[in-house]
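Novice: sequence first, predicted coordinates after that:
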Amino acid sequence: MALAGAAGLVGAVIWLTARFLREEKSRDDIQEKALIQAEIEAQSYSDATAMMLETGSFLGEAVGEDAGRAAQELADQIDDKQIKEALETLSSVTKYIGRSGR
């Protein structure tokens, strides 16, 4: 049950970040479709680590540094420790992808 809970938490964090990015400002069609795809993918994984790495990387590639900034901005507004940590991890994953030049 803890694994399902972790996957659900990570999925919710990724979905929330993608939705935040979509609502924040207008994006081109490619970025909009990528964010929608991230929302869908966040619901399809059962492994939290794989979801964080794969979908987080996808977000970083799709919208660049905006993904890390958005995740950190959301983390700064959350009191729940687990959600905050997941958002901060997502921010780190997306920022790493941006720096690695993938």
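Specialist: Okay, I see it.
Novice: contacts for stretch 42-57 next, please.
Specialist: With CB atoms under 8 Å, 6 or more residues apart in numbering as the test, stretch 42-57 has contacts from 3-4, 6-7, 9-12, 14-15, 18, 38, 41, 67, 86, 89-90, 93-94, 97, 102. (C-beta placed from N, C-alpha, C; glycine too.)
Novice: just the ones of those in strands?
Specialist: In strands, judged by DSSP state E, none of these are found.
Novice: can you flag the buried ones in those residues?
Specialist: The neighbour-count test (16 or more other CB atoms under 10 Å) marks 6-7, 9-11, 14-15, 18, 38, 41, 67, 86, 89-90, 93-94, 97 as buried among the contacts of stretch 42-57.
Novice: identify the residue nearest residue 94 in space, chain neighbours excluded?
Specialist: Nearest non-adjacent residue to residue 94, counting by CB to CB, 6 or more residues apart in numbering: residue 60, 3.5 Å away.
Novice: ok, the one you found touching residue 90?
Specialist: No. The pair residue 60 and residue 90 fails to qualify as a contact (CB atoms under 8 Å) at a distance of 9.2 Å.
Novice: what is in contact with these two at once?
Specialist: 67, 68.
Novice: quick one: residue 35 from residue 6, how far?
Specialist: Per CB to CB, to the nearest Å, residue 35 is found 23 Å from residue 6.
Novice: residue 23 too?
Specialist: As for residue 23, its distance to residue 6 is 26 Å (criterion: CB to CB).
Novice: ok, now which ones touch residue 66?
Specialist: Residue 66 touches residue 21, counting by CB under 8 Å, 6+ apart.
Novice: distance of it from residue 47?
Specialist: Counting by CB to CB - residue 66 and residue 47 are separated by 26 Å.
Novice: so what does the longest helix along the chain touch, helix or strand wise?
Specialist: Longest helix in the chain, counting residues (DSSP state H): helix 2-24. On a contact count with 3 or more CB pairs under 8 Å, 6 or more residues apart in numbering; DSSP states H and E, helix 2-24 meets helix 29-41, helix 48-63, helix 65-76, helix 81-100.
Novice: thanks again, I'm all set now.
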